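Q: task: produce atomic coordinates for the following.
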Amino acid sequence: MLLLEVLDINLYMKKNKSLILKIFLYLSIFALIILILIWIFQIFLLNKFYEYYKTRELTNTINLIKNNYNTDEFFNTLEKVAYRTDLCIEITSGNETIYSDIQNNKGCINFNQNSKVLKRKVDFINSQKDYFKLRIINPTFNNMTLLYGIKLNNTDYIFVNTSIEPLDGTVNILKNQLISVTIIILILTIIIAYFLSKSLSKPILKLKKSAKALSNGNYDVDFNVESDIDEIKELGTSLEYAKDVLKKTDELRRDLLSNVSHDLKTPLTMIKAYAEMERDFPSTKEKRENNMSIVIEEVDRLNLLVNDILELSKLESNIQKLNLEEFDLTKLINNIVNHFKIFSYTKNYEFIFDFKEELIIKADKQKLEQVIYNLIGNAINYTGSDNKVYINLVLDKKNIRVEIKDTGKGIKEDELDKVWDKYYKSEKKHKRNTIGTGIGLSIVKNIFILHNFKYGIISKVNKGSTFWFEIPRK
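A: Okay, the predicted model is just below:
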């Protein structure tokens, strides 16, 4: 699975365009979008924004004048408003103009110089209406102007007008500035995009090159890259981990093939040898029975090896499911120890288990029996010259801790995690086990994981090893 993921990275890089080109294009497109938006809002929509602003300003001014009309500070207020807003204000009473700043402000409509506007003004006064609004081209400046008329009382009227198009060279200045700014930004974008894309893509291209080498079976590649981006660093770390796992898996695969081949070859050779002996040199009944017993033992060993390989394959594929039931752990261990008593008689092994109390637990009985059987078998294979194997039960409020101890050479600290691997040996030279097939501890580990049991090893060189696991109490 990890190898496929590494290959996917390689294929992805081949199918898609260059990463440098993509980063460059994305940054350039982003800069162009920003520039287009600036042009739209600052040039093409400037008159719209200006008209909206001036219309709102004109409305607010009229309301202010109406609220302050006939107050002592009214004319002072008019002067301040006219100065601050640059609006054109005229107030008439009857047929006389009592206030006007039309001559002072740029862009104002002079009613006396525009007959059309003057007529609309007179018609509004004569109509006795409260309000009128007019959009008109100011002939003096040839710009669109907005004119409001408001009735203050029966004789007094206020007229306010303002240009709703910029009269100065603001738009032209902005256009010239934006042309220069656009050219500068485009040049800077190209330069920054180029160097940024190179900087971002350099570590990724290195990872691509290393991934390609790894896919060809080269495990000497290095995925550690220098980058300021956390995600790229994490990708490098993940690929480095994947490389180590692939390397370890490849080594285990070779060891597994070598060891399984050895375990298959030895019994097959012996079966063939004894079968040929009986065929070519018929022996006595007693000798023949002895030879057939050896053949049967070797067939049983072959059967055990095949069954263990199938069991491990099922466990690692998550096909197996637990069949949970309640049973007495103490009784189960005593039954297993009794099965190993044959070694007490034939090879002077001593199995020490003194726990007598009944312990009801809930687990998969068959699989737990397989665990304890494999751990005791492992202890038999590696215990010291005293041939002693200890089985202990340690209780606390939450868990039952099962410990199986041998008195052998022990395991180095840096090798403790590796003993659960298939066919792992502290010495590479393969040894044919007295008990088991060499993959029992891998089966044990997977059963622990299936049960969600805590497990581990305590070991000191030349002082033996203790394999332990914890079962939650009922």
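Q: which is the next helix or strand following the helix or strand harbouring residue 172?
A: Under the criterion of DSSP states H and E, residue 172 resides in helix 170-215. Sequence order places helix 230-280 as the next helix or strand after helix 170-215, per DSSP H and E.
Q: other SSEs contacting that next one?
A: helix 2-15, helix 170-215, helix 285-316 (3 or more CB pairs under 8 Å, 6 or more residues apart in numbering; DSSP states H and E). In this view, the C-beta of every residue, glycine as well, is placed from N, C-alpha and C.
Q: spatially central residue for this structure, please.
A: residue 231 (9.0 Å; CA atoms, centre = their mean).
Q: how does this protein divide into domains?
A: 2-43+171-221, 46-167, 227-316, 321-472 (automatic domain parsing).
Q: can you redo those domains as TSV with mean pLDDT?
A: Shown next, in TSV, are these (pLDDT from 0 to 100):
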stretch	mean pLDDT
domain 2-43+171-221	72
domain 46-167	79
domain 227-316	73
domain 321-472	84
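Q: what is the burial count for residue 35?
A: If you count neighbours by other CB atoms under 10 Å, residue 35 ends up with 16.
Q: so what's it up against?
A: 182, 185, 186 (CB atoms under 8 Å, 6 or more residues apart in numbering).
Q: distance check, it against residue 329.
A: Applying CB to CB, to the nearest Å, the value for residue 35 to residue 329 is 76 Å.
Q: before we move on, what about residue 297?
A: From residue 297 to residue 329 the distance is 31 Å (CB to CB).
Q: the two: which is more packed in?
A: Ranked by neighbour count (other CB under 10 Å), residue 297 and residue 329 place residue 329 first, with 21 against 13.
Q: in three-state terms, label residue 154 for me.
A: coil (DSSP: H, G, I helix; E, B strand; the rest coil).
Q: ramachandran angles for residue 157?
A: Backbone torsions of residue 157, given as degrees, to the nearest 10, read phi -140, psi 150.
Q: ditto for residue 216
A: phi -90, psi 10.
Q: any idea how many residues pack against it?
A: For residue 216, using other CB under 10 Å, the count is 9.
Q: CA atoms of stretch 84-99 as PDB?
A: Extracted C-alpha coordinates of stretch 84-99, given in PDB (Å, rounded to 0.1, in the frame of the first residue of the first chain):
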ATOM      1  CA  ARG A  84     -17.400  72.000   3.600                       C
ATOM      2  CA  THR A  85     -19.500  70.300   0.900                       C
ATOM      3  CA  ASP A  86     -18.800  72.400  -2.200                       C
ATOM      4  CA  LEU A  87     -22.600  72.400  -2.900                       C
ATOM      5  CA  CYS A  88     -24.400  75.200  -4.700                       C
ATOM      6  CA  ILE A  89     -27.100  76.700  -2.400                       C
ATOM      7  CA  GLU A  90     -29.700  79.300  -3.200                       C
ATOM      8  CA  ILE A  91     -32.600  80.400  -1.000                       C
ATOM      9  CA  THR A  92     -35.400  82.600  -2.300                       C
ATOM     10  CA  SER A  93     -38.200  84.400  -0.500                       C
ATOM     11  CA  GLY A  94     -41.000  85.600  -2.700                       C
ATOM     12  CA  ASN A  95     -39.300  86.800  -5.900                       C
ATOM     13  CA  GLU A  96     -36.100  87.800  -4.200                       C
ATOM     14  CA  THR A  97     -32.900  85.800  -3.600                       C
ATOM     15  CA  ILE A  98     -32.000  86.100   0.100                       C
ATOM     16  CA  TYR A  99     -28.900  83.800   0.000                       C
END
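Q: what's it in contact with?
A: Against stretch 84-99 from outside (CB under 8 Å, 6+ apart): 57-58, 61, 65, 75, 78, 81-82, 100-102, 105-109, 111, 125, 152, 155-162.
Q: so which of the residues you listed sit within strands?
A: Secondary structure defined by DSSP state E assigns 100, 156, 157, 158, 159, 160, 161, 162 of those to strands.
Q: which parts of stretch 65-77 are buried?
A: 65, 68, 77 (16 or more other CB atoms under 10 Å).
Q: can you show me the CA trace of stretch 383-393 as CSV?
A: Output of stretch 383-393 as CSV, limited to C-alpha atoms (Å, rounded to 0.1, in the frame of the first residue of the first chain):
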residue,chain,number,x,y,z
THR,A,383,15.1,-20.4,28.3
GLY,A,384,18.4,-20.9,30.0
SER,A,385,20.3,-24.1,31.0
ASP,A,386,18.0,-24.5,34.0
ASN,A,387,15.1,-25.3,31.6
LYS,A,388,12.7,-23.2,33.8
VAL,A,389,9.6,-21.4,32.5
TYR,A,390,7.6,-19.1,34.8
ILE,A,391,3.9,-18.3,34.4
ASN,A,392,2.7,-15.5,36.7
LEU,A,393,-0.6,-13.7,37.2
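Q: which residue packs closest to residue 465, ignoring adjacent ones?
A: residue 459 (3.9 Å; CB to CB, 6 or more residues apart in numbering).
Q: let me see the contact set for that neighbour.
A: 410, 411, 413, 416, 465, 466.
Q: same thing with residue 175?
A: By CB under 8 Å, 6+ apart, residue 175 lies in contact with residue 43.
Q: any idea how far residue 182 is from it?
A: For residue 175, the distance to residue 182 (CB to CB) stands at 10 Å.
Q: I'd like the distance between the nearest residue to residue 91 once chain neighbours are set aside and residue 341.
A: Nearest residue to residue 91 in three dimensions, chain neighbours excluded: residue 99, at 4.2 Å (CB to CB, 6+ apart). Counting by CB to CB, the gap from residue 99 to residue 341 is 123 Å.
Q: and for residue 254?
A: Distance from residue 254 to residue 341, by CB to CB: 38 Å.
Q: kindly report the same for residue 184.
A: Using CB to CB, residue 184 is found at 92 Å from residue 341.
Q: mind giving me the ChimeraX select for the contacts of residue 35, buried ones only?
A: Listed next is the ChimeraX selection for buried residues among those, using 16+ other CB under 10 Å:
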select :182,185
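Q: tell me which of the contacts of residue 35 is nearest to residue 24?
A: Nearest to residue 24 among the contacts of residue 35: residue 186, at 12.9 Å, using CB to CB.
Q: give me the neighbour count for the closest residue in space to the closest one that isn't next to it in sequence.
A: Ranked by CB to CB, 6+ apart and with sequence neighbours excluded, the top spatial neighbour of residue 186 is residue 31, at 6.8 Å. Number of residues near residue 31 (other CB under 10 Å) recorded here: 18.
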